[in-house]
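# generate coordinates for the sequence data below:
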Amino acid sequence: MSHPKAMNLRFPDPAQRAAIEAAARQEGVSLQEYILSAAYARATAVEERFLDAFKESMSRSSEAFAEGASTVDPSAEQRAAELKARREFEEQQERGHAA
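Residues are numbered from 1 along each chain as shown. Sure thing, here's the model as predicted:
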């Protein structure tokens, strides 16, 4: 198997290099292609794991926000009561300044 100069492949362990070369031969690809394919597969697996964890986190967050929304976002009746109370308060303030 020839070793193209396009990619510098150094292996401190000759047995490791021999094992990788044997695996590449078995797959019928060059050493570079085998290593790049393995690196791509690993990066893709890491990315998928990250995305799965991110989706799970988003799901938990949306559930937490949905639970909290009922206490944060008041009902129409509560908003109406708050507006009425505010108007009454402002009217009292105006009367207080007029006196």
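
# contacts for the one helix or strand residue 16 maps to?
Taking DSSP states H and E as the definition, residue 16 sits inside helix 14-27. For helix 14-27, contacts defined as C-beta atoms under 8 Å, 6 or more residues apart in numbering pick out 1, 9, 11, 30-31, 33-35. C-beta coordinates here come from the backbone N, C-alpha and C atoms, glycine included.

# over to stretch 83-95?
So stretch 83-95 is contacted by nothing (C-beta under 8 Å, 6+ apart).

# quick one: mean pLDDT over it.
Averaged over stretch 83-95, pLDDT sits at 86.

# alpha carbons of the host helix or strand of residue 95, as CSV, please.
Secondary-structure assignment from DSSP H and E places residue 95 in helix 76-98. Below are the C-alpha coordinates for helix 76-98, written out as CSV (Å, rounded to 0.1, in the frame of the first residue of the first chain):
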residue,chain,number,x,y,z
ALA,A,76,-58.3,37.3,31.6
GLU,A,77,-60.3,37.7,34.8
GLN,A,78,-57.2,38.4,36.8
ARG,A,79,-55.9,40.9,34.2
ALA,A,80,-59.3,42.7,34.3
ALA,A,81,-59.2,42.8,38.1
GLU,A,82,-55.7,44.2,38.0
LEU,A,83,-56.7,46.9,35.5
LYS,A,84,-59.7,47.9,37.6
ALA,A,85,-57.5,48.1,40.7
ARG,A,86,-55.0,50.2,38.9
ARG,A,87,-57.6,52.6,37.6
GLU,A,88,-59.0,52.9,41.1
PHE,A,89,-55.6,53.5,42.5
GLU,A,90,-54.8,56.2,39.9
GLU,A,91,-58.2,57.9,40.6
GLN,A,92,-57.3,58.0,44.3
GLN,A,93,-53.9,59.5,43.5
GLU,A,94,-55.5,62.2,41.4
ARG,A,95,-58.0,63.0,44.1
GLY,A,96,-55.2,63.2,46.6
HIS,A,97,-53.2,65.6,44.5
ALA,A,98,-56.3,67.8,43.9
